[in-house]
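Novice: only geometry, no sequence info:
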């Protein structure tokens, strides 16, 4: 499977709210968390309901209650794992707002965490090991998506 992402992703968990209309036109709202974010999209965990692939959704990052960020997105793909359902969302509008208020904020937040951990950590290999573990977790979640496709092709 060819990688179609145009930019890096950051593994960060922000609280979110997703609104969309189902096939009958009924307005649905689901609270969840981001799994990872990119400059033009996010993989989100929605515990109860998932919108349909191709649906237009309103994605609101509720990390800062005084400054919630709402953008329009489209559902690219779904992970229908019953214990951890996810939707991959691609922004369709408000790219600059997302970059400034969500993407740049996530980068700054992660840099602060890494810097504080590096200062507190007498052993640099521990910090490297921790980062490697986060990368491993992210790759495993991506392989869960790729693996069924590979099995179908076999």
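Specialist: Happy to help now that I have it. Keep in mind that this is a model prediction, so the values were computed, not measured.

Novice: who does the helix or strand where residue 111 lies touch, helix- and strand-wise?
Specialist: Using DSSP states H and E, residue 111 maps to helix 104-120. The elements that helix 104-120 packs onto, with contact taken as 3 or more C-beta pairs under 8 Å, 6 or more residues apart in numbering; DSSP states H and E, are helix 124-153. C-beta here means a position set from N, CA and C on the backbone, and glycine is covered the same way.

Novice: what is the rounded mean pLDDT of the helix it packs on?
Specialist: For helix 124-153, the mean pLDDT works out to 57.

Novice: equivalent analysis for stretch 49-64, please.
Specialist: pLDDT averaged over stretch 49-64 gives 95.

Novice: pretty sure residue 59 is touching residue 44, no?
Specialist: Yes. Taking contacts as C-beta atoms under 8 Å, residue 59 lies within contact range of residue 44: 7.4 Å.

Novice: what sits in contact with each of those two?
Specialist: Residues touching both residue 59 and residue 44 (C-beta atoms under 8 Å, 6 or more residues apart in numbering): 16, 18, 89.

Novice: so which of these is the most crowded?
Specialist: Within the shared contacts of residue 59 and residue 44, most neighbours by other C-beta atoms under 10 Å means residue 89, with 27 neighbours.

Novice: which of the shared contacts of residue 59 and residue 44 fall within strands?
Specialist: Members of the shared contacts of residue 59 and residue 44 lying in strands (criterion: DSSP state E): 16, 18, 89.

Novice: partners of the last one in the sheet?
Specialist: I take that to be residue 89. Taking DSSP bridges as the rule, residue 89 bridges to residue 42, residue 75.

Novice: how much space between it and residue 95?
Specialist: 13 Å (C-beta to C-beta, to the nearest Å).

Novice: what's the answer for the second one, then?
Specialist: In this structure, residue 18 and residue 95 are 18 Å apart, going by C-beta to C-beta.

Novice: and the gap between residue 21 and residue 67?
Specialist: Counting by C-beta to C-beta - residue 21 and residue 67 are separated by 26 Å.

Novice: check contacts around residue 85.
Specialist: So residue 85 contacts 45-47, 50, 78-79 (C-beta under 8 Å, 6+ apart).

Novice: could you redo the last one with a cut-off of 7 Å?
Specialist: Each residue near residue 85 by C-beta atoms under 7 Å, 6 or more residues apart in numbering is listed here: 46-47, 50, 79.

Novice: likewise residue 36?
Specialist: So residue 36 contacts 9-12, 42-43, 138 (C-beta under 7 Å, 6+ apart).

Novice: lovely, talk soon.
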